[in-house]
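**Q** Give me a model of this one.
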Amino acid sequence: MSTLPLFGHFTGLVARCRSERDAARRADGPNEAGPPPAVTAAALWSNLHGIAQLWAWGSLQLALGAPPLDGAPGDDQRDRLIAAVLDAHLGSVTA
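**A** A predicted model of the protein is given here:
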């Protein structure tokens, strides 16, 4: 399958992000183990793919109250949605 090398790279990025997050958490208190990086990467990849497809169809814009397929006005909502997905799968992405 041609996507396997890309998925392997993606899994490595998830593992690296997790190790950085876990290092920061150890300084603050107990560390909770999550699913293996490949499972998190698959869930994140699936979630982002779903956002892309639903955004292309205009479904998310309707659900979020933005004009569908209208470009810039919905960009902020799309960016907040992607940030929420990253937070859910990887932990907070804000500094």
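**Q** Same question for the host helix or strand of I82: list its buried residues.
**A** Element membership for I82, per DSSP states H and E: helix 75-90. Buried residues in helix 75-90, counted by 16 or more other CB atoms under 10 Å: Q77, R78, L81, I82, V85, L86, H89, L90. For glycine as for every other residue, the C-beta is placed from the backbone atoms N, C-alpha and C.
**Q** Which one of those is nearest to N47?
**A** Comparing the buried residues of helix 75-90 against N47 with CB to CB places V85 closest, at 5.1 Å.
**Q** Who are the contact partners of that closest one?
**A** L44, N47, L48, I51 (CB atoms under 8 Å, 6 or more residues apart in numbering).
**Q** go with 7 Å
**A** Shown in contact with V85 (CB atoms under 7 Å, 6 or more residues apart in numbering): N47, L48, I51.
**Q** just P5 next, same as before
**A** P5 neighbours (CB under 7 Å, 6+ apart): none.
**Q** so which strand or helix has it?
**A** P5 belongs to helix 4-28, assigned by DSSP H and E.
**Q** Relative to A38, how far out is the residue nearest in space to the middle of the chain?
**A** For the chain, the residue sitting closest to the mean C-alpha position, by CA atoms, centre = their mean, is L86 at 3.2 Å. Distance from L86 to A38, counting by CB to CB, to the nearest Å: 17 Å.
**Q** All set, thanks.
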